[in-house]
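# Sharing a model that was predicted from the sequence below.
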Amino acid sequence: MTPAGLEISGGETVLFWVVAPLMVLAALGLLFVRRAVHAAMCLVFVMVSMAILYIAQEAPFLGVVQVVVYTGAVMMLFLFVLMLVGVDASDSLTETIRGQRWVGLLIGLGLALVLGGVVGRAAFPPGVGLAGGDPGGVANPQALARVLFGDYVLAMEAVGVLLVTAAVGALVLTHRRRLTPKQNQRTVAEARVKALSQGVTLTPLPSPGVYATSNAMDTPALGPDGEQVPQSVSRVLRIRGQERPAPHTAVALVENQADRGTEEES
Amino acid sequence: MDHAILAAAAPGVAADFSQETIWASIVKAVLIVVFLLTSVLFAIWFERKVVARMQVRPGPNWHGPFGLLQSLADAMKLLLKEDMTVTRADKLVYLLAPMISVFCSLLVFAVIPFGPSLPFPWTDWTTPAQLTDFPVATLYILAAASLGVYGIVLGGWSSGSTYPLLGSVRSTAQVISYELAMGLSLVSVFIMAGSMSTSQIVSSQTQIWWFIPLAPAFVIYVISMIGETNRLPFDLPEAEGELVSGYMTEYSSMKFAWFFLAEYINMLNVSAVCVTLFLGGWRAPVPEGFLGGALNEGWLPIIWFLVKLWAVMFVFVWVRGTLLRLRYDQFMVFGWKVLIPVALAWVVVLAVVQWLQRVQGVTYQQFIPVIVGAAVVFVAVMWFWPEKKAPPAGEAEKETVDAFAGGFPVPPLPGEKLPPSKRFGKEVTGE
């Protein structure tokens, strides 16, 4: 690890040739896969592989921060939105703006030309490694901190203020004035008690009937009077007409008992 | 990754990896995986047994001594169960998700120091009792944790079913919000230790373990570590009562076992981080210089580390046996409106104190009047803070209600009164 002409170890070379082709494949996958979540996964793979290469090139701080910030937070928020489109949804390929595909292709080609030109004209001096660029031999994060909070502290502060302004702006844009009093557990409970007179029950609804011949959720329970209790079957099943009557033997039994009870009382 | 490079490029690291060979690293890596897998088997038994004792029942006691082989039997059962794949699932991601979970959870222990450098008898060869360390090791732990969430999120999404999707959406929000609080609480350790390398942080705790001077950060870390591992009372992504089993509802057999494994390894991970950063790592619980430091040398510190690790694991189980699950909105309000502001304020206070001490040269003695003054002001403000007035009663004209609304006799609600009774001429009101 001498400053002049750093020797690249065999391990690093192998690592590069394993990771780099996979990265290129994943980057191409990002362009060609159909589903948004798969594209996001390809991007995550590229990011993580890039972090591995950073770490191999003696920049552990950069590599780890890349994973924490971009993969862990930014990409996760992307995924958060993408997930809501569902598993079997594919991107629609209809053009919403006329000719956007050709314009996009042209711009992409131009960017590729510019980047290719820059890379082609760049000179690659022999690598010097961290020992050559790191003043005073301090560890990577300390040297970075000195640069960021010493030499460029004003720029750091300006960026910080900008980010806070953006965050406050987002809060202001999404803020709504509260028009109704805030609901809490007590007010919800009070509202439910108040709604009692409209036929709402405080207790859970009765569960469906359990009989010798069936204990499915489409069979209503029987009340003490031998009548079937409609609320004991899910509202969805009732609307769809998938409700089944309670077994008639059970109905007869309960009615018998109810009759006998009234006879004894009278 | 390229171990030799990491070790060589690490001037800010206390552990000495200069004698490390590739074979030593491989042996250590294998030992760590074996340690984690056996610890998970033990942890499942431990959790069931401790929760059982807290609920006054014996717990698993049939297979092996004290039921110790129970989790082995459960694991075998899981492996032999039918492996189902949901028809509507996204097959590739569905298979990949549990793998991501386990892989990321195995990464963390690479930088956890089990002890100082271990001497080998009859040789002069020593090796640090940790796989690797570098100046940003603690950030690397956070990175591994944040990658692990992809397993949960993708598992929930790819199942193509409603409950898993809800579980994974919850998990995303939960991890993003609680990782912020966790990161902020770790920052105070970085400020005090002056390093992010785990071995350096342990060696900075010779005088005092950080959980005493950094008590607020420690409390925030413990709360957010439970949130981060989806354990009760924060197990909203897999809340049984609400989401069946959350993101792993559609998983069975081996794939389910992997999620299960990842969850328990994550518990061990955050416990180990807690021990390393706040509880002195592998240091013996005795004052500095006790017995000439003999308790902090050689192979003995591994025992201290394991004892502390399982003490933190016990806290996990204890919390699970004690607390109920939070409601989701309360949970988010707690994370964003309590934990993060408190953690931020604490970091600012700590940074100011450190600046005064290191740059301005203020001594501890000069701090005491400031602290006492602040405490007095706080108590005085609390003392004279006006109490919240009860809402004025009887101001509004009480409304007369129909006592037989809907055909049932109903008692008056607060703020209502019944029509005057015809029999006694009395008036009945709600409170």
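All right, it came through fine.

# Look through the stretch 251-400 of chain B and state the residue closest to chain A.
B:Arg327 (9.1 Å; CB to the nearest CB). Bear in mind the C-beta positions are built from the backbone N, C-alpha and C, glycine included.

# And that residue, how far from B:Pro233?
As judged by CB to CB, to the nearest Å, B:Arg327 and B:Pro233 stand 10 Å apart.

# Compare these two and say which one has the larger neighbour count.
A count of neighbours by other CB atoms under 10 Å in any protein chain shown puts B:Pro233 above the other of B:Arg327 and B:Pro233, at 16 against 12.

# from memory that one sits against B:Gly321, does it?
No: between B:Pro233 and B:Gly321 there is no contact under CB atoms under 8 Å: 11.0 Å.

# hang on, B:Phe211 packs against B:Phe278?
Yes: assessed by CB under 8 Å, B:Phe211 is found in contact with B:Phe278 at 4.0 Å.

# which neighbours do the two share?
B:Phe218 (CB atoms under 8 Å, 6 or more residues apart in numbering or on different chains).

# ok, these two, which is more surrounded?
B:Phe278 (26 against 20).

# tell me what the helix or strand where A:Val18 lies is packed against?
Assignment of secondary structure by DSSP states H and E places A:Val18 within helix A:10-32. Helices and strands touching helix A:10-32, by 3 or more CB pairs under 8 Å, 6 or more residues apart in numbering or on different chains; DSSP states H and E, are helix A:36-56, helix B:3-8.

# shaky segments in chain B?
Of all residues in chain B, those with pLDDT under 70 make up the ranges B:1-12, B:292, B:390-400, B:405-407, B:421-431.

# redo that, cut-off 50
B:1-10, B:395 (pLDDT under 50).

# Could you break it into its assigned domains?
The record's domain parsing of chain B by automatic domain parsing lists B:20-383, B:399-431.

# Mean neighbour count, these: which tops it?
With neighbours taken as mean count of other CB atoms under 10 Å in any protein chain shown, these reach their highest mean count in domain B:20-383, at a mean of 18.

# Spell out which parts of the stretch 51-200 of chain A neighbour chain B.
A:51-52, A:55-56, A:58, A:60-61, A:64-65, A:67-68, A:71-73, A:76-77, A:79-80, A:83-84, A:86-88, A:130, A:137-142, A:190, A:193-194, A:196-199 (CB under 8 Å from any CB of the partner chain).

# Centroid-nearest residue for chain B?
For chain B, the residue nearest the mean C-alpha position is B:Met225 (1.6 Å; CA atoms, centre = their mean).

# If you count contacts, what does the strand or helix carrying that one end up packed against?
Using DSSP H and E, B:Met225 falls within helix B:215-228. If you count contacts as 3+ CB pairs under 8 Å, 6+ apart, helix B:215-228 packs onto helix B:162-193, helix B:253-278, helix B:300-322, helix B:340-358.

# what separates the residue of the stretch 251-400 of chain B closest to chain A from B:Leu236, distance-wise?
Distance from B:Arg327 to B:Leu236, by CB to CB: 9 Å.

# What about the residues of the stretch 51-200 of chain A next to chain B, which are in helices?
A:51-52, A:55-56, A:60-61, A:64-65, A:76-77, A:79-80, A:83, A:130, A:140-142, A:190, A:193-194 (DSSP state H).

# Show the buried residues in those residues.
Using 16 or more other CB atoms under 10 Å in any protein chain shown as the burial test, these include A:51-52, A:55-56, A:60-61, A:64-65, A:76, A:79, A:83, A:130, A:140-142 as buried.

# Least confident of these?
Within these, A:Leu130 has the lowest pLDDT, namely 64.

# what residues does the stretch 101-250 of chain B put near chain A?
Contact residues (CB under 8 Å from any CB) of the stretch 101-250 of chain B with chain A: B:134-136, B:139-140, B:142-143, B:146-147, B:149-150, B:153-154, B:156-160, B:165, B:168-169, B:172-173, B:175-176, B:179, B:195-197.

# let's see 6 Å
Counting by CB under 6 Å from any CB of the partner chain, the stretch 101-250 of chain B comes close to chain A at B:134-136, B:139-140, B:142-143, B:146, B:157, B:160, B:172.

# Tell me which two of those sit farthest apart.
B:Pro135 and B:Gly160 (43.4 Å; CB to CB).

# mind checking how far the residue lying closest to the residue nearest to the centre of chain B once chain neighbours are set aside is from A:Ser207?
For B:Met225, ignoring the flanking residues on the chain, the nearest one in space by CB to CB, 6 or more residues apart in numbering or on different chains is B:Val270 at 4.0 Å. In this view, B:Val270 and A:Ser207 are 41 Å apart by CB to CB.

# One more: B:Ile22?
Applying CB to CB to B:Ile22 and A:Ser207 gives a distance of 64 Å.

# what do you get for B:Ala343?
Counting by CB to CB, the gap from B:Ala343 to A:Ser207 is 46 Å.

# do the same with B:Trp122
Taken as CB to CB, the span from B:Trp122 to A:Ser207 is 73 Å.

# hmm, back to that, isn't the residue nearest to the centre of chain B up against B:Leu268?
No: at 11.4 Å, B:Met225 does not count as touching B:Leu268 under the criterion of CB atoms under 6 Å.

# Confirm for me that B:Thr127 is in contact with B:Trp23.
No: using CB under 6 Å, B:Thr127 makes no contact with B:Trp23, being 10.7 Å away.

# for the residue minimising distance to the centre of chain A, what are its contacts?
Using CA atoms, centre = their mean, the residue of chain A that lies closest to the mean C-alpha position is A:Phe80, 2.4 Å off. Neighbour list for A:Phe80: B:Thr172 [criterion: CB atoms under 6 Å, 6 or more residues apart in numbering or on different chains].

# in the stretch 101-250 of chain B, what residue is nearest chain A?
B:Ser146 (2.8 Å).
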